[in-house]
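# This is a predicted model, with the sequence first.
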Amino acid sequence: VSSSQPPPPKPKVGVAVFLLKGNKVLLGRRLSSVGRNTFALPGGHLEFGESFEECAAREVKEETGLEIEKTEYLTVTNNVFSQEGKATHIVCVFMRAVPADLNQQPQNLEPEKCDGWDWYDWDDLPKPLFGPLEIMLQHGFSPFPTT
Ligand SMILES: CC(C)CCOP(=O)(O)OP(=O)(O)O
Ligand SMILES: [Mg+2]
Ligand SMILES: [Mg+2]
Ligand SMILES: [Mg+2]
């Protein structure tokens, strides 16, 4: 009997946003299956026809209620991993942006996907970080503008 393995899922494109406030970055603990219980940036799947900037603004608004500005492309990474037995291939486009209103607090608009958003000092990040983000830090990546 041939074990007919289902074909692996097609690679997806995700857009993750380094939302910067001073030397702090916005992170939330993920509750959805991919990266469960790891701290991740706000972001999500690129939808049809969106620019990276449009996706960044939409996902941050959907997830935190925050408006962003000065959105710019930083880098992209290719991530193939399995999580809870599920094979995942995500091409991760990383953007940076700043909140349009520095006094506006983020809201947790998707409590089933995220445990809550908070500002973390870049030099004192929570652990564990979401895989693709952890790998970037290990390579010494910094999202901050080099003045
Ligand atoms: C991991 C990420 C960069 C791509 C998928 O993000 P996500 O699971 O948060 O997706 P959604 O926000 O679109 O539900
Ligand atoms: Mg989302
Ligand atoms: Mg989405
Ligand atoms: Mg998301």
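Arrived safely. Ligands and ions are numbered 1, 2, ... in the order given.
# how about the helices in this structure?
For the chain, applying DSSP state H gives helices covering 52-64, 131-138.
# mean confidence for the longest one?
Here the mean pLDDT over helix 52-64 is 98, rounded to a whole number.
# what's next to that helix, contact-wise?
15, 17, 19, 26, 28, 42-44, 46-47, 50, 66-68, 71, 73, 93, 95, 97, 106-110, 113-114, 117 (C-beta atoms under 8 Å, 6 or more residues apart in numbering). From N, CA and C alone the C-beta is placed, and that goes for glycine too.
# Strands - which of those residues land there?
15, 17, 19, 26, 28, 43-44, 68, 71, 73, 93, 95, 97, 114, 117 (DSSP state E).
# Identify the farthest-apart pair in these.
The largest distance within the ones in strands among the contacts of helix 52-64, taken as C-beta to C-beta, falls between Y73 and C114 and amounts to 23.8 Å.
# Looking at these two, which is more packed in?
C114 (19 against 14; other C-beta atoms under 10 Å).
# In space, what's closest to that one - neighbours in sequence excluded?
Nearest residue to C114 in three dimensions, chain neighbours excluded: G28, at 4.2 Å (C-beta to C-beta, 6 or more residues apart in numbering).
# State the distance from the one you found to E54.
21 Å (C-beta to C-beta, to the nearest Å).
# More neighbours: those two, which one.
G28 (23 against 14).
# Residues of the chain that sit close to ligand 2?
Proximity of the chain to ligand 2 (C-beta under 5 Å from the ion) is limited to residues 44, 59.
# Show me which residues of the chain are close to ligand 1?
On the criterion C-beta under 6 Å from any ligand atom, ligand 1 has as its neighbours in the chain the residues 14, 16, 32, 34, 43-45, 59, 90, 92.
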